[in-house]
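Visitor: Provide a 3D model corresponding to the input given below.
(one chain, ligands or ions: 1)
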Amino acid sequence: MRLDKFLAESSIGNRKMVRNYIKDGMVKVNGDVKNEPAVEVNKDYDVIEYIDKVVCYTGKVYYMFHKPAGYITARTDEVNRTVFDFFNGINMDGVFHVGRLDKDTEGLLLLTNDGEFEHQLMFPEKHVEKTYFFWAFGSLNEEEKKRLEQGIDIGQGSNEVFTKPAKIQVKRFGMYNELKGEMPIKNLYNIDSKKYEQPVISGYLTISEGRKHQVKRMLKAVGCYIVYLKRISIGGLVLDESLERGQHRPLTKAEVQKILGPV
Ligand code: URA
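Guide: Predicted coordinates for the structure are as follows:
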């Protein structure tokens, strides 16, 4: 395999980072500095060193993570805690998050060091479905549901104004006072008592795009204000409900194959 691939799959860095390390002379193969990312190495026989430390080949890694609200989807941040804070003690150097969730969104986040896996899930032409569960202030009539399903104007922020077709399924609908006990938001939001007389709604929205704040903007376009949002699935991978918020586990082989096909 290529030297840059070997390093990327050993969680030394992503492909771009490891190419720079190689060009900067930080990598040796069997004791000799190699400056060519495409040089062929044998992961079983060659001794590869990065800054004079032998690199152990880890292979591709895939994690399912139950993101809690309050953390941002980024590697580092000067102010906020990030999802990587939950992977202390694990070598995450070449590992990146697949897509993003807003700071206040919880649920399924995938992390990997495999660019092809990310591509299969994120490339717009693949139209991978993502399902979100929401609670919102507001209500949805048949006409508004149809607008959500057929494509709705969510304004600036993308070349396309209208969203692609989506699926909406309402789960609960009633007044805040009746349903507030079911809303998992007590510690997240400061809801003032003026809203007690307002209707609230919960349900599932499935979209096949990944525009910024898309679910919140779609619901806002039909007069609903999201107060709780959780991603429950991406492309056939469903959040393992045995994972508590903040916990992660490796994907099973079958789960990886759902995305990549037989490997
Ligand atoms: N849509 C949103 O509005 N927020 C997210 O975090 C994900 C999808």
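Visitor: Which residues of the stretch 151-263 of the chain lie near the ligand?
Guide: 213-216, 229 (Cβ under 6 Å from any ligand atom). C-betas here are computed from N, CA, C, even on glycine.
Visitor: Show me what from the stretch 1-150 of the chain comes close to the ligand.
Guide: 101-102, 105.
Visitor: Looking at these, which is nearest Pro250?
Guide: Closest approach between these and Pro250, by Cβ to Cβ: Leu101, at 19.8 Å.
Visitor: Now for the closest one, how many residues are close by?
Guide: Number of residues near Leu101 (other Cβ atoms under 10 Å) recorded here: 22.
Visitor: now do the one 10 residues further on
Guide: Summarising burial for Leu111: neighbours were counted as other Cβ under 10 Å, giving 22.
Visitor: Shouldn't it be within a strand?
Guide: Yes - judged by DSSP: H, G, I helix; E, B strand; the rest coil, Leu111 forms part of a strand.
Visitor: Where does the record place the domain boundaries for the protein?
Guide: Domain assignment for the chain, taken from automatic domain parsing, gives 3-54, 62-248.
Visitor: want to throw the ones you listed into TSV with mean pLDDT?
Guide: Shown next, in TSV, are the domains of the chain (pLDDT from 0 to 100):
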stretch	mean pLDDT
domain 3-54	93
domain 62-248	91
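Visitor: Show me the one of the ones you listed that comes nearest Ala254.
Guide: domain 62-248 (10.2 Å).
Visitor: Strand partners (parallel or antiparallel) of the helix or strand hosting Val200?
Guide: Per DSSP states H and E, Val200 falls inside strand 199-207. Sheet neighbours of strand 199-207, with direction, are listed as strand 130-137 (antiparallel), strand 167-175 (antiparallel) (DSSP bridges).
Visitor: just how off-centre is it within its chain?
Guide: 20 Å (Cα atoms, centre = their mean, to the nearest Å).
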